[in-house]
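*Asks:* quick one, fold the following:
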Amino acid sequence: MAIWPHLIVFALFIALLRAFGLGWDMAPWLGALLYLGLSVLLQNIIPHHHRSGMKALQNEDYELARQAFSCSYDYFKQHAWLDDYRSFFILSISNMSYKEMALINYALCYFQEDRWEEARSAYERVLSEYPNSRMAQDAIDYINNPDSEEEEEEERY
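*Replies:* Predicted structure coming up:
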């Protein structure tokens, strides 16, 4: 994603502060603080299911993580405009949508548990919605032929 939406939000803060009478000596600094505060607030509030899923994944609580990622997917499917315009509304610069991240991480939970059939099925779901997902395709390739990466490593040496 481009940085333009962030610069626009930052410039709007500066313009509002200037309209309220702050000088050029204070408006950029206060605008930066407001932007930072808003960014932290939005990234903690709106994608809260995603964040709790990531925490559960880090703690290896895969069942709880799958539940959170499923909730995240449902939330962003219902509020697609937030995901489509995440650079404005969540101030996220990620190229990957929250819906795609939810599906990828949902599949990753099965992958981490060595539940290969469920993982393959979940990654295939990713590809059905996001056909250009390199992460999902690489994971499926690994599941289908896990020995090929070991052979490639041996060939390099």
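*Asks:* and E117, how many residues sit next to it?
*Replies:* Using other C-beta atoms under 10 Å, E117 has 9 other residues around it. C-beta: built from backbone N, CA, C; applies to glycine.
*Asks:* so in the chain, where's the weakest helix or strand by average pLDDT?
*Replies:* helix 147-156 (a mean of 59; mean pLDDT, DSSP states H and E).
*Asks:* what's the first helix or strand after the helix or strand hosting V40?
*Replies:* Using DSSP states H and E, V40 sits within helix 27-45. Sequence-wise, the next helix or strand beyond helix 27-45 is helix 48-58, with elements assigned using DSSP H and E.
*Asks:* buried residues, that next one. List them.
*Replies:* By 16 or more other C-beta atoms under 10 Å, the buried positions in helix 48-58 come out as H49, H50, S52, G53, M54, A56, L57.
*Asks:* equivalent analysis for stretch 121-141, please.
*Replies:* A122, Y123, V126, Y130, S133, M135, A136, A139, I140.
*Asks:* ok, now which ones touch the spatially closest residue to the fifth one that is not a sequence neighbour?
*Replies:* This means S133. In space, and not counting its chain neighbours, S133 is closest to V126: 5.2 Å by C-beta to C-beta, 6 or more residues apart in numbering. V126 sits next to E100, L103, I104, A107, S133, M135, A136 when contact means C-beta atoms under 8 Å, 6 or more residues apart in numbering.
*Asks:* no more questions from me, cheers.
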